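J.: Task: produce atomic coordinates for the following.
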Amino acid sequence: MILNYIILAIIIIVMGIAIYLFIKYRKKTISDYIEESSNRKNSLTSESLLRYTKSKIDEYTRESLLDKGYSEAEYKKQKSIRNRIKSALKHCKHGSIQDKQIVKEYITNVLIDYVGEDIDEVIGFNNIEVLTIQDKFDILLYIYKEIENNKTDALTVLVERYNLACEKQIIEDGKTSYIITQEEIEGIFLSEYPSYSLTYRDKMNIITQRVYQQFKGLGVIDEIRDMAIDGIHGGVSGQVDISAINQSYDEYINNIANIAMFYDSVWMFYKGKYIHLAFLSFGSEQELKRVCQNIYSYNKAGQLSENIGFKVNEMQDNSRVVVFRPPFAESWGFFIRKFNLRSAKLDQIVKGGFADDMIDFMSYLVKGARVTAITGAMATGKSTMMMALVDKIYAFHTIRVQETAFELWLRNIYPMRNIFSIKEYGDITGQAGLDVLKKSDGVVQLLGEISSDIIASWMIQMARVASLFTIFTHHAKTVDDLVQAIRNSLLRTNVFTDEKIAEEEVASVLDYNIHLARDADGKRYIEHITEIEVFKSEDYDVDKLVAGNDTQTQLEFMKIQAEYYRRSTDRKTYTTKVIVQYENGNYVFKNKPSSRNIEEMLYNMREEDRFKFKEYLVKKWRR
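T.: All right, here's what the predicted structure looks like:
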């Protein structure tokens, strides 16, 4: 009996506490709501809008639709809409323009009810004096993108119209660099903005973008990343450790606003130039970290951690992204490289005098099934050149592509061709991928980039047994560097143990080297096309050892011995010959291809191309 009373007392006490907390919670909620309503005009900041948006989206995605009283048809419709929004929220940060637009439209609907007519309280569109530099740039980019209807070319139009990509002598006491300053953006804004009258919808779209890029987007680079540029970097300049600045306390206090930190770093790769967007900043290390953690995560890329200090991946729009984090790197940083599929044509890449003849020659190289190395420094356009050369490969050839990370995306450019691409993934090694590709009926093999010793050995395998011919890229500076680098890779991976034999193997595999270059102004061009030929092996003249007398035999033996040492030491196993050279803006045809290459090229061509190639040889090398 006593036990029952105790239990009843405990139940009453618990219920009493629950009722008290419930009443207290309800009062607090109503009080907060009243306070929020009364002070809403004073709190319409990007931060408050971001908090409100997060709460509304969280509420929408979690609430039960069963309690809404929908009919069966309406329930299915609303469930489908919500699932689409949840999917867009998951994928918008990966470079999907469509998903991004869905999320932004939902955010706009949320904010219209919250902001109402007080839209100028968020960003002072009617008061230029209160606009920040980011406000001004965002408004300019919106005007060029939506009102001027330039879409992905908006940034290009802005940069070209005001010649922002020119050399400037601003940093380090007048040293030349490419930089766009805050003063330039402010000057452009003052000259442009008064000419436009932004509608309520325009203003709401700008605010929506601001909230989106802080919520699910990529911060200050979100819209820039979608533009038609070559790439964008973050966290690659500025101070890393503020304690390392050698200043007194007073100096530090006076100069703190001018100290650029690593999270103030945004760089744009534009038409071969690395341009510092000095007016933009992520604002904090936390924001840069958030962007880095979001930007690489497409397609379950794995975890970036202290023990895994970098990640290489692609985004949904085929951009390549590399992310670094401490302690492996000195700071958080990322590198996005975009590949413009619209410009992946030889006539858009090759410019200069006799460019058409150069394009014809490269076309004959691939039609003639020549093993070709595309070399050059970073950002010279090697991947784009490989994409463009595929256009000249016979369309009936099957193409197999092996990469460390997907970059070429050839089926997006040539959807009607038989093309299949693979990459290393998880426990599947590159060698295993190569072995299985041999069983996929591939005629032409493309190797994304020789960036390690083992990949060099794959190239040799491809060229020897796995395909009719191979095209690959490499960072070699010269033809000799190319041959020797691959030779050394074969030695390090124990494919060969003798240096001369390894070198001869490489030289016998390679036919041509297309070397790309980029000058100080960002102009890209083909520096040269060079042919690689192996020296023919000559037998030692041993017959004279038998035919001569003792003295003569000894002399002949010494000659053969000297020849042996000469061949074994400094004699190259191959020779190179420049076929075409870029000189003073023109492509100059220097030397005729070797008879061996001509014969093999003719053999691999179709009849009509054989006839054209023979005419071409006569035209270019009459002498």
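
J.: Point out where the stretch 451-600 of the chain drops to low pLDDT.
T.: 466, 536-554, 556-557, 559-571 (pLDDT under 70).

J.: those strands in it, which residues are they?
T.: Per DSSP state E, counting those that start in this stretch, the stretch 451-600 of the chain carries strands over the ranges 469-474, 512-518, 524-534, 574-583, 586-589.

J.: out of those strands, deepest packed?
T.: strand 469-474 (a mean of 25; mean count of other CB atoms under 10 Å). Glycine gets a C-beta too; all of them are placed from N, C-alpha and C.

J.: packing partners for that strand?
T.: strand 372-375, helix 382-390, strand 444-447, helix 479-492 (3 or more CB pairs under 8 Å, 6 or more residues apart in numbering; DSSP states H and E).

J.: Counting neighbours, which bits of stretch 487-495 end up buried?
T.: Buried positions in stretch 487-495, judged by neighbour count with 16 or more other CB atoms under 10 Å: 487-491, 495.

J.: So what's the residue count around Y425?
T.: By other CB atoms under 10 Å, 11 other residues sit near Y425.

J.: Quick check: pLDDT value at it.
T.: Predicted confidence (pLDDT) for Y425: 76.

J.: do the same with the one 5 residues further on
T.: Taken from the predicted model, the pLDDT recorded for G430 is 77.

J.: these two touch, right, it and I454?
T.: Yes - applying CB atoms under 8 Å as the test, G430 and I454 come out as touching, 6.6 Å apart.

J.: so A369 sits in a strand?
T.: No - the assignment for A369, made by DSSP: H, G, I helix; E, B strand; the rest coil, is coil rather than a strand.

J.: Now do the same contact list for it.
T.: Contacts for A369 were tallied using CB atoms under 8 Å, 6 or more residues apart in numbering; they are 468-469, 600-601, 604.

J.: what's the answer for M459, then?
T.: Here M459 is in contact with 447, 450, 470, 472, 486, 509 (CB under 8 Å, 6+ apart).

J.: Tell me how far it lies from N294.
T.: As judged by CB to CB, to the nearest Å, M459 and N294 stand 35 Å apart.

J.: so how far is stretch 400-411 off the chain centroid?
T.: 13 Å (CA atoms, centre = their mean, to the nearest Å).

J.: And for that stretch, what's in contact with it?
T.: 312-314, 318, 320, 337, 339, 341, 383, 386-387, 390, 399, 417, 419-424, 430, 433-434, 437, 440, 442, 444-449, 451, 455, 458, 462, 467.

J.: can you do 7 Å?
T.: The contact list for stretch 400-411 (CB atoms under 7 Å, 6 or more residues apart in numbering) reads 312-314, 318, 320, 339, 383, 386-387, 390, 399, 419-424, 430, 433-434, 437, 440, 442, 445-449, 451, 458.

J.: And it, end to end?
T.: End-to-end distance for stretch 400-411, by CA to CA, to the nearest Å: 11 Å.

J.: Could you number the chain from 450 rather than 1 from now on?
T.: Done: numbering now begins at 450, and the last item shifts to stretch 849-860.

J.: give me the number of residues near F810?
T.: F810: 22 neighbours (other CB under 10 Å).

J.: Thought K1039 was touching it, still the case?
T.: No - at 11.7 Å, F810 does not count as touching K1039 under the criterion of CB atoms under 7 Å.

J.: so what's in contact with the two at the same time?
T.: With CB under 7 Å, 6+ apart as the test, F810 and K1039 both reach V1029.

J.: Report pLDDT for the residue lying closest to I568 once chain neighbours are set aside.
T.: Closest residue in space to I568, ignoring its immediate chain neighbours: K652 at 5.1 Å, by CB to CB, 6 or more residues apart in numbering. In this prediction, K652 carries a pLDDT score of 94.

J.: Within the helices and strands, which one has K652?
T.: helix 649-664 (DSSP states H and E).

J.: Show me what that helix is in contact with.
T.: Helix 649-664 is contacted by residues 495, 498-499, 502-503, 552-553, 556-557, 560-561, 568, 571-572, 574, 587-588, 591, 668, 671-672 when judged by CB under 7 Å, 6+ apart.

J.: ok, 6 Å please
T.: For helix 649-664, contacts defined as CB atoms under 6 Å, 6 or more residues apart in numbering pick out 495, 498-499, 502, 553, 556-557, 568, 571, 574, 587, 591, 668, 671.

J.: Could you do stretch 897-907 as well?
T.: For stretch 897-907, using CB under 6 Å, 6+ apart, the contacting residues are 852, 883, 908, 921-923, 935, 938, 941-942, 944.

J.: and if you look at stretch 924-940?
T.: 822, 824, 902, 905, 923, 945, 951-952, 955-956, 962, 979, 1025.

J.: Stretch 625-645 too?
T.: Under CB under 6 Å, 6+ apart, the answer for stretch 625-645 is 582, 585-586, 589, 592, 611, 613, 616-620, 722, 724-728.

J.: List the buried residues for that stretch?
T.: So, applying 16+ other CB under 10 Å, buried residues of stretch 625-645: 627-630, 633-635, 637-638, 641-642.

J.: Was I right to think T847 contacts L895?
T.: No - applying CB atoms under 6 Å as the test, T847 and L895 come out as separate, 11.5 Å apart.

J.: Of those two, which one has the most company?
T.: When T847 and L895 are compared for neighbours, L895 comes out ahead with 25 against 15, by other CB under 10 Å.

J.: Thought T919 was touching that one, still the case?
T.: No - using CB under 6 Å, L895 makes no contact with T919, being 7.3 Å away.

J.: give me every residue that touches N943.
T.: By CB under 6 Å, 6+ apart, N943 has no neighbours at all.

J.: part of a strand, is D602?
T.: No - according to three-state DSSP, D602 belongs to no strand; its state is helix.

J.: Number of residues surrounding it?
T.: Counted with other CB under 10 Å, D602 comes out at 16.

J.: tell me the pLDDT at the closest residue to it other than its chain neighbours?
T.: Once flanking residues are discounted, D602 sits nearest to A677: 5.4 Å by CB to CB, 6+ apart. A677 is assigned 89 on the pLDDT scale.

J.: what about A677, how many residues close to it?
T.: Neighbours of A677 (other CB under 10 Å): 17.

J.: roughly how far apart are it and Y712?
T.: From A677 to Y712 the distance is 26 Å (CB to CB).

J.: Could you do K722 as well?
T.: 23 Å.

J.: Those two: who's more crowded?
T.: Comparing K722 with Y712 by neighbour count (other CB under 10 Å), the higher total belongs to Y712, at 25 against 20.

J.: Now that one: phi and psi?
T.: phi -80, psi 0 (degrees, to the nearest 10).

J.: And it, how close does it get to G683?
T.: For Y712, the distance to G683 - CB to CB - is 8 Å.
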